[in-house]
Every structure is written in structure tokens, then in C-alpha cells.
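> Output the structure for:
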Amino acid sequence: MTAKELAAACGWTLLAGGEGEDNPVEGCYVGDLLSWVMARAQSGNVWLTVMGNINAIAVATLTDVACIVLAENAALDKEAAQRAELQGIPVYSCAENLYDTAVRVYETLK
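Residues are numbered from 1 along each chain as shown. Predicted coordinates:
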């Protein structure tokens with residue numbers, strides 16, 4: 001499944017990084033502590049967080065996650081949106097909390 005297909009199935013809104021929507025999704029990681037995510041997120045993961053700053057885009061690039069989903073309608077900074085576009089990292093928004101979003105991803109991917 002691609003990031004775009006998962007986003008459509010889950011009802012997420014694309015905020016930036018549309019060129020990367022064909023990235024394959026192979027799992028999920030939930031976390032907000034950037035150093036923790038950097039050490040543990042896997043390539044191809046959907047990263048669920050509320051961190052919408054440029055540092056989150058840097059971590060997403062380093063870990064090669066498929067996309068970022070900002071839960072609870074967390075904001076994406078303008079600078080972060082520009083970097084996501086440049087790096088081709090899809091960043092989506094959803095209204096649900098992290099737990100409900102993770103459950104939805106799990107159910108959709110199984």
C-alpha cells in the first residue's frame with residue numbers, strides 16, 4: 001500500500017510533500033521525542049506525531065519513513081512544509097488522537 005492509498009482509506013488531508021505519495025507503507029511508528037523516533041522508526045513506517053516543525057522533517061528524512069501524519073490537527077510550520085516539499089515527504093493531517101490513528105492504520109494495513 002502507498003502513502004496516498006493509506007491516506008485515502010483513513011481520510012487524511014495532504015498538507016505538503018505530494019511528490020512522495022507513492023512511497024510504500026510497511027508499518028507504523030508513534031512518537032514525539034525526535035531523538036527516540038530517529039533511533040527507532042523504520043524505513044517505510046507511517047510516523048504518527050504532533051510535531052510539525054522542520055526538525056520532524058529532518059528526522060523523517062534520516063529514518064526514511066513513508067510519510068508523517070500530524071494527529072489532532074497539529075499544525076505544520078511553513079518552513080517545515082517547504083522542506084517536506086523539497087524532500088518529497090508527504091505530511092498529512094487528521095483530527096483523531098494518536099491512539100485512534102494508530103488503530104486505524106493497523107486495521108487498514110492488516
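> Now the helix or strand encompassing residue 46: buried residues?
If you go by DSSP states H and E, residue 46 is part of strand 45-49. For strand 45-49, the neighbour count (16 or more other Cβ atoms under 10 Å) marks 45-49 as buried. All C-beta spots, glycine's among them, are computed from the backbone N, C-alpha and C.
> Stretch 96-103 too?
96, 98, 101-102.
> Which one of these is nearest to residue 88?
residue 101 (22.2 Å; Cβ to Cβ).
> And the pLDDT for the closest one?
Looking at residue 101, its pLDDT reads 98.
> Wasn't it part of a helix?
Yes: assignment of residue 101 by DSSP: H, G, I helix; E, B strand; the rest coil places it within a helix.
> what sits against it?
By Cβ atoms under 8 Å, 6 or more residues apart in numbering, the residues touching residue 101 are 10, 48, 69, 71, 94.
> Can you redo these as JSON lines, where the extra columns are secondary structure and pLDDT?
Shown next, in JSON lines, are the contacts of residue 101 (DSSP: H, G, I helix; E, B strand; the rest coil; pLDDT from 0 to 100):
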{"residue": "10", "secondary structure": "helix", "pLDDT": "98"}
{"residue": "48", "secondary structure": "strand", "pLDDT": "98"}
{"residue": "69", "secondary structure": "strand", "pLDDT": "98"}
{"residue": "71", "secondary structure": "helix", "pLDDT": "98"}
{"residue": "94", "secondary structure": "coil", "pLDDT": "98"}
